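Undergrad: here is my input, please return the structure:
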Amino acid sequence: MQYFISLNRQTLGPMSAQQVMAYPVTASTQVCTENDYTWKPLYNFPELMELMSAREGSRRAEVYNSGKDRVVAGVLALLLGGLGAQYFYLGKISAGFITIILSLVSCGLWSTVMFVQGIYMLTLTPEQFDMKYTCSTSNYPLF
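TA: Predicted structure coming up:
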């Protein structure tokens, strides 16, 4: 079966189901087939949803394997949290500098918040840790 998709106000197609998955489609992306020119959300097409679920599953596997250890980050937050060491380790450089500034401005009280964050990091599962701290688009992931 050949599909047409509507992305960024453009109609693309005809293409196979595998080719559709090469585009950044979601369950709400509008799709029609060569036999039926009625536009429907992608979730109405079982074959496409199956491929999209498989694609998302492989992305999650990549996301959960960030290479950053939550135990290392948690211990850094416990011991050197006021210096932002956990953020520098995670590659969130701006968050590290913000933490240093907050520690200086608060006369070290911000270190207590970072200590609590270290405990929080250690209680998360590896998947939760990766989603919250390493894969997050947030510049300053706190809790």
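
Undergrad: least trustworthy helix or strand in the protein by mean pLDDT?
TA: Within the chain, no helix or strand scores below helix 46-63, which has a mean of 74 by mean pLDDT, DSSP states H and E.

Undergrad: next helix or strand past that helix?
TA: Next along the chain after helix 46-63, taking DSSP states H and E as the criterion, comes helix 70-80.

Undergrad: I'd like the next helix or strand past that following helix.
TA: The element immediately downstream of helix 70-80 (helix or strand, assigned by DSSP H and E) is helix 85-90.

Undergrad: buried ones in stretch 131-143, by neighbour count?
TA: By neighbour count on 16 or more other CB atoms under 10 Å, the buried set for stretch 131-143 is 131-135, 141. (Glycine included, C-beta is placed from N, CA and C.)

Undergrad: what's the spacing between that stretch and its chain's center?
TA: Chain-centre distance of stretch 131-143: 9 Å, with CA atoms, centre = their mean, to the nearest Å.

Undergrad: again, but for stretch 77-88
TA: 22 Å.

Undergrad: narrow the buried residues of stretch 131-143 to those in strands?
TA: Using DSSP state E, no member of the buried residues of stretch 131-143 sits in strands.

Undergrad: which one of those sits closest to C107?
TA: P141 (24.1 Å; CB to CB).

Undergrad: and the gap between the nearest residue to the closest one once chain neighbours are set aside and T123?
TA: Among residues not flanking P141 along the chain, Y133 sits closest, at 5.2 Å (CB to CB, 6 or more residues apart in numbering). Distance of Y133 to T123, computed by CB to CB, to the nearest Å: 13 Å.

Undergrad: then I98?
TA: I98 is 23 Å from T123, by CB to CB.

Undergrad: between these two, who's got more neighbours?
TA: Remark: of I98 and T123, I98 carries more neighbours, 16 against 11, as counted by other CB atoms under 10 Å.

Undergrad: residues in contact with the more buried one?
TA: 84, 140 (CB atoms under 8 Å, 6 or more residues apart in numbering).

Undergrad: please, which helix or strand holds the residue lying farthest from the centre of the chain?
TA: Residue farthest from the centre of the chain, counting by CA atoms, centre = their mean, is N35 at 36.8 Å. Assigned by DSSP H and E, N35 falls within no helix or strand.
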